[in-house]
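Novice: Need the 3D shape of this:
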Amino acid sequence: MTQFDDIRPYYDAEVRPIIDRILADPELVDAVARLKFPKLTQWLGWLIKPLVRKKLSDQLAGVNDVRGFQEVVARYLSGMITETTSSVTISGLDVLEQHQSYLFISNHRDIALDPAFVNWSLFQNDCNTLRIAIGDNLLTKPYVSDLMRLNKSFIVNRSAKAPREKFKAAKHLSAYIHHSIANETSSIWIAQREGRAKDGFDKTNSAVLGMITLNKPKTQDFSEYVKELRIVPVSISYELDPCDAAKARELYHQRNLGGYQKEEHEDVKSIAMGIAGKKGHVHIAFGPILNGHYDGTDQLVAEIDHQIVMNYVLHATNCFAYEILHGTVPVINYTENNIPYDPQPLAPQKAEFMARINEIPAEQRDIALAMYANPVVSKLAKLNAEPIAC
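Specialist: Numbering: from 1, shown residues only. Below is the predicted model:
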């Protein structure tokens, strides 16, 4: 027993018993069958599900430790990348040490894919994989919790309500993050905010940084504690958001209908939608480690926000949306090769993008477009650039 048993990922010795438990869970088999064969499962579930269980059992037969489980996950992830992305590119990782531990703080667009792409980038470049922060609100099914903890996820207590209980949980989590990085040489991933940036504005919640530094001894300098954490901001940009229509619907309800009530297990459905949906070009940008002088969390938030916005790789879809909403052509580079945006050669891609947007209910389309356009707004604000009128 350790002080972090309630939130930590599973250890190697726990892997095989947990795998045997989830393979016996009919909900896991049903979920995988519906994800892989949605139409067939509806009519031939009695035939498909035993085959899925057999396939999963075969794939996990020789897995007895975390590394072995992550190798299986990597194969699934590689298949997903092949099927749902046009390309995945990475920048900035070459300046980090392969086997050093870091605290990766990224923007948050997709529940599962954000840490998955960061982890995949590390795995593909022979770096240590990371431990992933995941809210207990997502662990609504036992097999989901088991799968996440097998894949090195640790639990963020978001169900605490009383102030004292919330403070205790936050301090416990802060201590675990520092312990993982400083004592166990295990990197951590955490989102810059609780909940996805559904509107496309990537902004760090100061409460996240407050939690991370809550474990700092009173006698230790703030900047010294930050250096011990080795914070690396990460920008993840998707050409297409598989959940764009769902996010637009949620924002529309919040803004115009007095609120939005999630369905039961809706977040789990969003995870499946993000995995299966088309994403186009995805870029993962690792920024430089934060090692400056910071007087407090406000300066730290400002630096993380600056890096995430400036390292964010814009796609043509971002520029299309900005042009449509604002009536101006953004004078800005896009793609990781810093190509100036020119709408003329991109007319076929723009028509394809608009066909996608037009599938969204008319009253929600501007919200979806803003989701794509706002990264351009953020970058133009940082660059102090002026768009020119069409």
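
Novice: roughly how far apart are G200 and E263?
Specialist: Distance, G200 to E263, using CB to CB, to the nearest Å: 24 Å. C-beta here means a position set from N, CA and C on the backbone, and glycine is covered the same way.

Novice: The two - which one has more neighbours?
Specialist: G200 (24 against 7; other CB atoms under 10 Å).

Novice: so who does the residue lying closest to the more buried one once chain neighbours are set aside touch?
Specialist: For G200, ignoring the flanking residues on the chain, the nearest one in space by CB to CB, 6 or more residues apart in numbering is N374 at 3.4 Å. By CB atoms under 8 Å, 6 or more residues apart in numbering, N374 lies in contact with D199, G200, F201.

Novice: Below-threshold pLDDT in the stretch 251-390 of the chain: ranges please.
Specialist: Applying pLDDT under 70 to the stretch 251-390 of the chain flags residues 385-390.

Novice: how close does H172 sit to F4?
Specialist: The value you get for H172 to F4, if CB to CB is used, is 8 Å.

Novice: Then Q59?
Specialist: Taken as CB to CB, the span from Q59 to F4 is 30 Å.

Novice: More neighbours: these two, which one.
Specialist: Neighbour comparison, Q59 and F4: the larger count goes to F4, with 17 against 12 (by other CB under 10 Å).

Novice: Helix, strand, or coil at the more buried one?
Specialist: Secondary structure state of F4, per DSSP: H, G, I helix; E, B strand; the rest coil, is coil.

Novice: for it, what are its contacts?
Specialist: F154, H172, A175, Y176, H179.

Novice: any idea how far it lies from I212?
Specialist: 16 Å.

Novice: Over to A170?
Specialist: In terms of CB to CB, A170 sits 9 Å off from I212.

Novice: ditto for N374
Specialist: 26 Å.

Novice: Now do the longest helix that the chain contains: everything it contacts.
Specialist: For the chain, the helix that runs over the most residues, judged by DSSP state H, is helix 38-59. Helix 38-59 is contacted from outside by L23, P26, L28, V29, D30, V32, A33, R34, K36, F37, V72, using CB under 8 Å, 6+ apart.

Novice: Pull out the buried residues from it.
Specialist: Neighbour-count burial for helix 38-59, with 16 or more other CB atoms under 10 Å as criterion, is recorded at T41, G45, I48, K49, V52, R53, L56.

Novice: Kindly report the same for stretch 354-372.
Specialist: I357, I360, Q364, R365, D366, I367, A368, L369, A370, M371, Y372.

Novice: got it, and stretch 2-9?
Specialist: In stretch 2-9, counting by 16+ other CB under 10 Å, buried: F4, I7, R8, P9.

Novice: can you pull the pLDDT of the residue nearest the centre of the chain?
Specialist: Geometric centre of the chain, nearest residue: D114, 2.1 Å, by CA atoms, centre = their mean. The confidence metric pLDDT takes the value 97 at D114.

Novice: just checking, it touches H108?
Specialist: Yes - under the criterion of CB atoms under 8 Å, D114 makes contact with H108 at 5.8 Å.

Novice: Mutual contacts of those two, please.
Specialist: The contact lists of D114 and H108 share A191, where a contact means CB under 8 Å, 6+ apart.

Novice: ok so, going back, return the residues in contact with the residue nearest to the centre of the chain.
Specialist: S106, N107, H108, W189, A191, I236.

Novice: immediately after the helix or strand harbouring it, which helix or strand?
Specialist: Taking DSSP states H and E as the definition, D114 sits inside helix 113-124. Using DSSP H and E, the helix or strand that follows helix 113-124 in sequence is strand 130-135.

Novice: Mark which of the contacts of helix 38-59 are buried, thanks.
Specialist: Of these, these count as buried by 16+ other CB under 10 Å: L28, V29, D30, V32, A33, R34, F37, V72.

Novice: for the first one, what are its contacts?
Specialist: Read it as L28. If you count contacts by CB under 8 Å, 6+ apart, then L28 has I22, L56, Y143, L147 around it.

Novice: quick one: the residue nearest to G200 from K198, how far?
Specialist: On the measure of CB to CB, N374 and K198 end up 10 Å apart.

Novice: re the thing from before, and the least confident of the contacts of helix 38-59?
Specialist: Out of those, that is K36, at 80.

Novice: Can you name the residues that contact that one?
Specialist: With CB under 8 Å, 6+ apart, K36 has these contacts: V52.

Novice: And the contacts of F4, which is closest to G296?
Specialist: A175 (19.8 Å; CB to CB).
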